[in-house]
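Asks: structure for the following, please:
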Amino acid sequence: MLTVQEVIERVLERMFHKPTVAFGCGRTDAEVHASQYFMHLETDKELDYDPVFRFNKNFPKDIVVFDVIPVHLKANARYNATLRTYDYFIHSFKDPFLRTLSSEYDLSNLDFGKMQEACQLFVKHKNFRALCRTPDKHNHTLCEVSLAQLFISPNKQRLRFQVSANRFLKGMIRLMVWQLLEVGRGNKTLTELDEYILKGESGPQDKAAFPQGLYLSKVEYPYLSMPMRSEFAGILQYQLNGNWEVIS
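Replies: Model (predicted):
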């Protein structure tokens, strides 16, 4: 399967006339999106042209460059990141325009209040071994989740889960979303979710939410923090910071 990194590096090689590695701020599953993403590269070629225009002219239509920022030689897009924020979008109706941009689930019988309470369990805990697809491949499964919150659209047919942490584990957010849905459906109590995370015992039977609802929305560095692009995919996000209501 062709990856975004492969596509970018092929373009860079063509532009710079030599192999050029693109170091991204993270890797995600197929069908997952990013409305803010950082990568770094090293080049000894003087960019005596508008790099944003030139990159966008050469990249395919589903890859967009917003900014090109000079940084010091030791800057690393992946390892220097101190905070990552993701948004997960759910819609409750069949919509051909949202099919690849959001995940469709039945919202009619969900207890949103319980789901919001469940979000705070993610902030409470520090070890997320239970919410990692490959825990044994990590040196540790500790994460500092600083924000986990649910929003709903005015018509109550769209749901948005936002979570921020200093790092994330493989499959972690999609596993989180599935657990929230289980709590909302009444299939799992808050106590059971709390104990599930505490025990740290995941298994192949544990389900993950669909990938297409997940977006990397913001990445922060000690030397760089750029605002989210609220205008990105407006049809999907209802302007990311507007019109959404916090579930109480």
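Asks: do you know how far the closest residue to residue 8 other than its chain neighbours is from residue 38?
Replies: Closest residue in space to residue 8, ignoring its immediate chain neighbours: residue 22 at 4.7 Å, by CB to CB, 6 or more residues apart in numbering. From N, CA and C alone the C-beta is placed, and that goes for glycine too. Using CB to CB, to the nearest Å, one obtains 11 Å as the distance from residue 22 to residue 38.
Asks: who has more neighbours out of these two?
Replies: It is residue 38, of residue 22 and residue 38, that has more neighbours when counted by other CB atoms under 10 Å, with 24 against 16.
Asks: wait, the more buried one touches residue 79, no?
Replies: No. Counting by CB atoms under 8 Å, residue 38 stays clear of residue 79, with 11.7 Å between them.
Asks: residue 169 belongs to a helix?
Replies: No. Applying DSSP: H, G, I helix; E, B strand; the rest coil, one finds residue 169 to be coil, outside a helix.
Asks: is it true that it touches residue 127?
Replies: No. Residue 169 is not in contact with residue 127 according to CB under 8 Å; the separation is 10.3 Å.
Asks: out of these two, which sits in the more crowded spot?
Replies: Between residue 169 and residue 127, counting by other CB under 10 Å, residue 169 is the more crowded of the two (21 against 15).
Asks: okay, helices next: where are they in this protein?
Replies: Along the chain, the segments classed as helices by DSSP state H run 4-16, 51-58, 112-124, 172-185, 190-199, 234-237.
Asks: deepest of those, which one?
Replies: Of all the helices of the chain, helix 172-185 has the most neighbours on average by mean count of other CB atoms under 10 Å, namely a mean of 23.
Asks: that one to helix 190-199, inter-axis angle?
Replies: For helix 172-185 against helix 190-199, the angle between stretch directions is 160 degrees (axes from the mean of the first three to the mean of the last three CA atoms, to 10 degrees).
Asks: residue numbering should commence at 57 henceforth.
Replies: Sounds good: first residue 57 from here, last item helix 228-241.
Asks: find the residues that touch each one of residue 225 and residue 183.
Replies: Here residue 225 and residue 183 have 197, 199 as joint contacts, going by CB atoms under 8 Å, 6 or more residues apart in numbering.
Asks: residues in contact with the residue nearest to residue 256 when sequence neighbours are not counted?
Replies: Spatially, and ignoring its direct neighbours in sequence, residue 256 is nearest to residue 185 (3.6 Å; CB to CB, 6+ apart). Neighbouring residues of residue 185 by CB under 8 Å, 6+ apart: 191, 197, 256, 257, 258.
Asks: test my guess that residue 265 contacts residue 230.
Replies: Yes. Under the criterion of CB under 8 Å, residue 265 makes contact with residue 230 at 4.6 Å.
Asks: which neighbours do these two share?
Replies: The contact lists of residue 265 and residue 230 share residue 144, where a contact means CB under 8 Å, 6+ apart.
Asks: what about this protein, any weak spots by pLDDT?
Replies: 57, 258-261, 286-298 (pLDDT under 70).
Asks: do a quick rundown of the strands in the chain.
Replies: Assigned by DSSP state E, the strands in the chain fall at 79-80, 89-90, 95-96, 139-147, 159-160, 201-208, 214-221, 270-277, 280-281, 301-302.
Asks: who are the contact partners of residue 108?
Replies: 121, 122, 123, 124.
Asks: burial measure for the third one, as a count.
Replies: Read it as residue 123. Neighbour count of residue 123, defined by other CB under 10 Å: 8.
Asks: how much space between residue 116 and residue 84?
Replies: For residue 116, the distance to residue 84 (CB to CB) stands at 18 Å.
Asks: between those two, who's got more neighbours?
Replies: Taking neighbours as other CB under 10 Å, residue 116 and residue 84 compare with residue 84 leading, 21 against 10.
Asks: what's opposite the closest residue to the more buried one other than its chain neighbours in the beta bridge?
Replies: Taking CB to CB, 6+ apart, and ignoring the residues beside it in sequence, residue 84 has residue 272 as its nearest neighbour in space, at 6.8 Å. Listed beta-bridge partners, residue 272: residue 90, residue 142 (assigned using DSSP bridges).
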